[in-house]
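Engineer: From the sequence below, what's the structure:
(chains A, B, C and D)
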2 protein chains.
Amino acid sequence: MARIPGRSPTAPPTLADVAERAGVSRQTVSNAVNNPDLLRSDTLLRVQEAIEELGYLPNRAARNLRTRASHLVGLRINPVQEGTASAIMDRFVHSLVETSREAGKHVLLFAGDPLDPLAGYDDLLRSTAVDAFVVTDTYLGNPQATWLGARRAPFVAFGRPWDNPAASHPWVDVDGAAGCDLATTHLLDQGHERVAWIGWRKDSWIGEDRRSGWTRAMRERGLATTGLASRVEDTVASGRGASAVLLDEARPTAFVCASDTLAMGVLHTLAERGLVAGRDVAVVGFDDSQVAQVVPPGLTSVRQPLEQVAVEVVKALEGLLAHPPAVGPGVLLTPTLAVRGSSSAVGFGS
Amino acid sequence: MARIPGRSPTAPPTLADVAERAGVSRQTVSNAVNNPDLLRSDTLLRVQEAIEELGYLPNRAARNLRTRASHLVGLRINPVQEGTASAIMDRFVHSLVETSREAGKHVLLFAGDPLDPLAGYDDLLRSTAVDAFVVTDTYLGNPQATWLGARRAPFVAFGRPWDNPAASHPWVDVDGAAGCDLATTHLLDQGHERVAWIGWRKDSWIGEDRRSGWTRAMRERGLATTGLASRVEDTVASGRGASAVLLDEARPTAFVCASDTLAMGVLHTLAERGLVAGRDVAVVGFDDSQVAQVVPPGLTSVRQPLEQVAVEVVKALEGLLAHPPAVGPGVLLTPTLAVRGSSSAVGFGS
DNA sequence: ATATTGCTTTGGAACGTTCCAGAGACATCC
DNA sequence: GGATGTCTCTGGAACGTTCCAAAGCAATAT
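Structural biologist: Residues are numbered from 1 along each chain as shown, chains lettered A, B, ... in the order given. Reported below is the predicted structural model:
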């Protein structure tokens, strides 16, 4: 037996077990796992057989201790916002987990207090539980970025450093302006001329960015935007209120919204007034949430390429954790438009 | 300086650093952290001051190696199903993360291939990366349970062991029958008598459980159920098709659905026919998804108490990882009903 | 024949923590 | 006065891995 007497029979095999079985030293087994090129081919084969037979896998804790790396990436998640539509987080999380796996990393979740953007980071960092963080809520003007930067904590942001374009940390973001331009142009192509905007309050960088896409597309066709825009909170009720006012005062035939949540507010107004989305008034949302996908007659929505975002984030992480660390420029990805019944005359088909 | 020469100044402090500063041995510092009762109060104070001053936190890897525990819980997540409404996973994940934190644990995510229920578990287990798993997709008749059981891997299931009620692993589940009973009774109280059921195919344990709640509620009031039920795939299209047929053939005035996805299908049918949900036909879904919360006029839906589920799951985990392990009986929680416009005459109000 | 080189393999040390057995101080008991 | 016990603290060992320096060995160069 390769087992040391007294060892529990269910305890996983160690390097020493494999080494004994293969008739080599511990270090050779370690090399077989981490630097196979160093071994003579027949030795390698023998060791690999022993590994296979024993079902050996390196002990994570021991490896982490020695290499000072956990191969874990920390991701803070906030409570799900009830009553809103935009749940892109789970799609992103899945993509991130999947991509991280391919890079030999796992994702460690921790809870966040939405009011305290720094909570949770410190402990994980000081206890060396994670190698790096993925920071998502940069809409806050990311104090995390500066804080993490000061602590020399490696992190990649999903979201631009709006308040400091010269920030030196890696980031990946989606071009909201391009997305809204896409959405607006799509509506203009359908013949609409009075396309209204419902977005967020002026202090939201992301909101203003998205809004600029709408403005740009309208100006490009020489269309006026005055009186056609509204800035409100990101709630269904606000979207409903804003769309009601706009319909009364500016008579738009289409709406572009900064979020699916706001777009759902528009659908509420339409339903109240007996109007049919897609036939009487066109609506486009942002995020391509599950809501957009299933609400009748389907809500056209700007879709963020979260799978690509995850790929770029992981790529940046790998650069950051390499020796020496390599920080590339920020990456800006372009979203696509998922066209559904709310902005096309196809009605309730397929 | 407490630092060993050559040590990077950004490297976190270790037990030895704290010990030197406080003028005690390593072990005493360790005791100050883990068994404060063992120390004389003045020593404890002195050590705690040193810990505070240096910002010491135990190195996770070293601790994990020594104690053979990672304080990590593995959770497998599947890709987000596009085109469906029921995204309860992110709500559950958040609750689990939050509750785990209070228990001193973190959640490690890993990706799953929906077709291979075992993928991913094995590696994490053999590399001792996690202490235990939370298994969620028991609708598969959970082969994971038996597999993990055979490997002596600690795990708690969210979902009953349908195929083996005598299974000895801890589990937590939500009473789907009670939820659908609640939903149906709610509709009957509103004066409906012809309440239809749209559920899943017969091979789904969960589906049959939920259906039995509808049957029970109908029978209790002496109402017939024949011709009022349909069993289909869990897609919007199936829900639309089933509801169209039911409306034509059985003239129901209300629908109870096994999922919000199916309920959205019903809403599609109503929209096509110019019928108004909540006024002409009542609809109730299951899961209280974000879709249910924001779709006009609001979809009444059965809400799973996921926060409670998380609490019970973590409680079970703690029992499982205690010495000696303690396995309590399965826990069955009762859902609530979130009433909205689709099942009440309040219409498009608040 | 000896030195040099390159390839392969090895044993000891170290990562930072906790377990364990025991040391030292002091009080209590016979 | 010595045995016994209690409280507090300590140093060595161990967890399983990888780093490091060096050893063994064969082939080539001097």
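
Engineer: Give me the neighbour count for A:Pro165.
Structural biologist: Residues within reach of A:Pro165, counting by other CB atoms under 10 Å in any protein chain shown, total 8. Any C-beta I mention is one placed from the backbone N, CA and C, and that applies to glycine too.

Engineer: Would you mind confirming that A:Thr10 makes contact with B:Pro154?
Structural biologist: No: contact criterion CB atoms under 8 Å: A:Thr10 and B:Pro154 do not qualify, at 11.7 Å.

Engineer: Please identify which of the two sits among more neighbours.
Structural biologist: For A:Thr10 versus B:Pro154, neighbours defined as other CB under 10 Å are more numerous around B:Pro154 (22 against 8).

Engineer: Excluding sequence neighbours, find me the nearest residue to that one.
Structural biologist: Nearest non-adjacent residue to B:Pro154, counting by CB to CB, 6 or more residues apart in numbering or on different chains: B:Ala132, 3.9 Å away.

Engineer: From B:Ala69, how far out is the one you found?
Structural biologist: From B:Ala132 across to B:Ala69, the span is 10 Å (CB to CB, to the nearest Å).

Engineer: Quick check: neighbours shared by those two?
Structural biologist: Common neighbours of B:Ala132 and B:Ala69, using CB atoms under 8 Å, 6 or more residues apart in numbering or on different chains, are B:Leu321.

Engineer: Tell me which of these two has more neighbours.
Structural biologist: Of the pair B:Ala132 and B:Ala69, B:Ala132 is the one with more neighbours under other CB under 10 Å, namely 22 against 16.

Engineer: give me phi/psi at the more buried one?
Structural biologist: Phi and psi for B:Ala132, reported as degrees, to the nearest 10, are phi -160, psi 170.

Engineer: And the one 3 residues further on, by the same measure?
Structural biologist: Here the main-chain torsion angles of B:Val135 (degrees, to the nearest 10) amount to phi -100, psi 120.

Engineer: what pairs with it across the strands?
Structural biologist: B:Ala157 (DSSP bridges).

Engineer: give me the number of residues near it?
Structural biologist: B:Val135 has 25 nearby residues by other CB under 10 Å.

Engineer: Quick check: the gap between it and B:Gly112.
Structural biologist: 10 Å.

Engineer: go on, A:Val309?
Structural biologist: Counting by CB to CB, the gap from A:Val309 to B:Gly112 is 21 Å.

Engineer: Now name the helix or strand holding whatever residue of chain A ends up closest to DNA strand C.
Structural biologist: Closest approach between chain A and DNA strand C, counting by CB to the nearest atom of the strand: A:Thr43, at 3.1 Å. Using DSSP states H and E, A:Thr43 maps to helix A:41-54.

Engineer: wait, does that helix contact chain B?
Structural biologist: No: between helix A:41-54 and chain B, judged by CB under 8 Å from any CB of the partner chain, nothing touches; the nearest distance is 10.1 Å.

Engineer: Quick one: distance of stretch A:43-54 to the chain centre.
Structural biologist: Offset of stretch A:43-54 from its chain centre (CA atoms, centre = their mean, to the nearest Å): 40 Å.

Engineer: And for stretch A:98-111?
Structural biologist: For stretch A:98-111, the distance from its own C-alpha centre to the chain's C-alpha centre is 13 Å (CA atoms, centre = their mean).

Engineer: what does stretch A:138-154 give?
Structural biologist: From the chain centre to the centre of stretch A:138-154 is a distance of 17 Å (CA atoms, centre = their mean).

Engineer: how far does it stretch from start to finish?
Structural biologist: Stretch A:138-154 has an end-to-end distance of 16 Å (CA to CA, to the nearest Å).

Engineer: List the contacts of that stretch.
Structural biologist: So stretch A:138-154 is contacted by A:117-118, A:121, A:125, A:131-133, A:135, A:137, A:155, A:157-164, A:167-169, A:171, A:204-206, A:317, A:320-321, A:325, B:10 (CB under 8 Å, 6+ apart).

Engineer: Inside strands: which ones of those residues?
Structural biologist: A:132-133, A:135, A:155, A:157-158, A:171 (DSSP state E).

Engineer: Which ChimeraX command selects the buried ones in these?
Structural biologist: Per 16 or more other CB atoms under 10 Å in any protein chain shown, the buried members of the ones in strands among the contacts of stretch A:138-154 correspond to this ChimeraX selection:
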select /A:132,133,135,155,157,158,171
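
Engineer: Let me have the ones in strands among the contacts of stretch A:138-154 in JSON lines, extended by pLDDT and distance to DNA strand C.
Structural biologist: JSON lines is the format used below for the ones in strands among the contacts of stretch A:138-154 (pLDDT from 0 to 100; distance: CB to the nearest atom of the strand, whole Å):
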{"residue": "A:Ala132", "pLDDT": "95", "distance to DNA strand C": "18"}
{"residue": "A:Phe133", "pLDDT": "95", "distance to DNA strand C": "21"}
{"residue": "A:Val135", "pLDDT": "92", "distance to DNA strand C": "26"}
{"residue": "A:Phe155", "pLDDT": "94", "distance to DNA strand C": "22"}
{"residue": "A:Ala157", "pLDDT": "94", "distance to DNA strand C": "28"}
{"residue": "A:Phe158", "pLDDT": "95", "distance to DNA strand C": "31"}
{"residue": "A:Trp171", "pLDDT": "94", "distance to DNA strand C": "30"}
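
Engineer: Chain B: which of the ones in strands among the contacts of stretch A:138-154 is nearest?
Structural biologist: A:Phe133 (13.3 Å; CB to the nearest CB).

Engineer: What residues of the helix or strand of chain A with the lowest mean pLDDT count as buried?
Structural biologist: The least trusted helix or strand in chain A, going by mean pLDDT, DSSP states H and E, turns out to be helix A:143-150, with a mean of 81. Judged by neighbour count using 16+ other CB under 10 Å, the buried positions of helix A:143-150 are A:144-145, A:148.

Engineer: okay but A:Ser259 is in contact with A:Val284, surely?
Structural biologist: No: with contacts counted by CB under 8 Å, A:Ser259 stays clear of A:Val284, the gap being 10.9 Å.

Engineer: out of those two, which sits in the more crowded spot?
Structural biologist: A:Val284 (31 against 28).

Engineer: so is the more buried one in a helix, a strand, or just coil?
Structural biologist: Under DSSP: H, G, I helix; E, B strand; the rest coil, A:Val284 falls in the strand class.

Engineer: Now do the contacts for it.
Structural biologist: For A:Val284, the contact set (CB under 8 Å, 6+ apart) comprises A:183-184, A:186-187, A:254-257, A:263, A:299-302, A:337, A:342-343.

Engineer: Okay, and which of these map to helices?
Structural biologist: A:183-184, A:186-187, A:263 (DSSP state H).

Engineer: Between those residues, identify the one with the most neighbours.
Structural biologist: A:Ala263 (34 neighbours).

Engineer: For that residue, which non-adjacent residue is closest in space?
Structural biologist: Once flanking residues are discounted, A:Ala263 sits nearest to A:Gly285: 3.2 Å by CB to CB, 6+ apart.
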